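Undergrad: sequence? don't have it. structure:
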């Protein structure tokens, strides 16, 4: 059901460069179905709700939860990706930045934040970062007014059911 609804966390998990454990045959069959069930509109709404919620919760005011910029930036860049591309949003922030940020100053500001995080700087509460705050507000305002409709044909569950049945048989055979 999660794949049928184009659930972004599931799509991210299936495309993650980090794999802890998998049953290759099963995950390969599921990945083959991604193009049939990927809905940019469903993903757009998921990422927009995530960005709006994290912005309202953590990034309003002069003193903010600095590390939460990532919790708003990634969904906003994912939305940009969706608007510019026909393929599923990549998992890595670096890929999103490279494809969707064309403003050098903004890219440098984000790079500095990433650098601080990688070097172990505590990114708890601190002063707002004006360039990032301005970018977020400029992005969120028009996005919240968009009314997207999914024009793709309704997808049946037939292919998903077949993969599920095959996966159960395969998993039980391995047990």
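TA: Here it is on my side, so go on. Values in this document were obtained by computation on a predicted structure and should not be read as measured data.
Undergrad: which residues of the protein fall in helices?
TA: Ranges of helices within the chain are 8-14, 24-37, 40-58, 69-84, 93-100, 104-118, 130-143, 158-174, based on DSSP state H.
Undergrad: Among the ones you listed, which comes closest to residue 149?
TA: The closest of the helices of the chain to residue 149 is helix 40-58. By CB to CB, the value is 6.9 Å. Every C-beta, even on glycine, is put in place using the N, C-alpha and C of the backbone.
Undergrad: ranking the helices of the chain by burial, who's on top?
TA: Compared across the helices of the chain, helix 69-84 shows the largest average neighbour count, a mean of 21 (mean count of other CB atoms under 10 Å).
Undergrad: between it and helix 104-118, how many degrees?
TA: Put simply, helix 69-84 runs at 140 degrees to helix 104-118, going by axes from the mean of the first three to the mean of the last three CA atoms, to 10 degrees.
Undergrad: Report all helices and strands that helix 69-84 contacts.
TA: Counting contacts by 3 or more CB pairs under 8 Å, 6 or more residues apart in numbering; DSSP states H and E, helix 69-84 packs against helix 40-58, helix 93-100, helix 104-118, helix 130-143.
Undergrad: would you turn these into TSV with distance to residue 24?
TA: Formatted as TSV, the helices and strands packed on helix 69-84 follow (distance: least, CB to CB, whole Å):
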stretch	distance to residue 24
helix 40-58	25
helix 93-100	24
helix 104-118	32
helix 130-143	38
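Undergrad: nearest to residue 124, of the helices of the chain?
TA: Nearest to residue 124, of the helices of the chain and by CB to CB, is helix 40-58 at 10.8 Å.
Undergrad: Point out the other helices and strands that that closest one packs with.
TA: helix 8-14, helix 69-84, helix 130-143.
Undergrad: Can I get the ones you listed in TSV including distance to residue 149 and mean pLDDT?
TA: TSV is the format used below for these (distance: least, CB to CB, whole Å; pLDDT from 0 to 100):
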stretch	distance to residue 149	mean pLDDT
helix 8-14	18	90
helix 69-84	14	96
helix 130-143	15	96
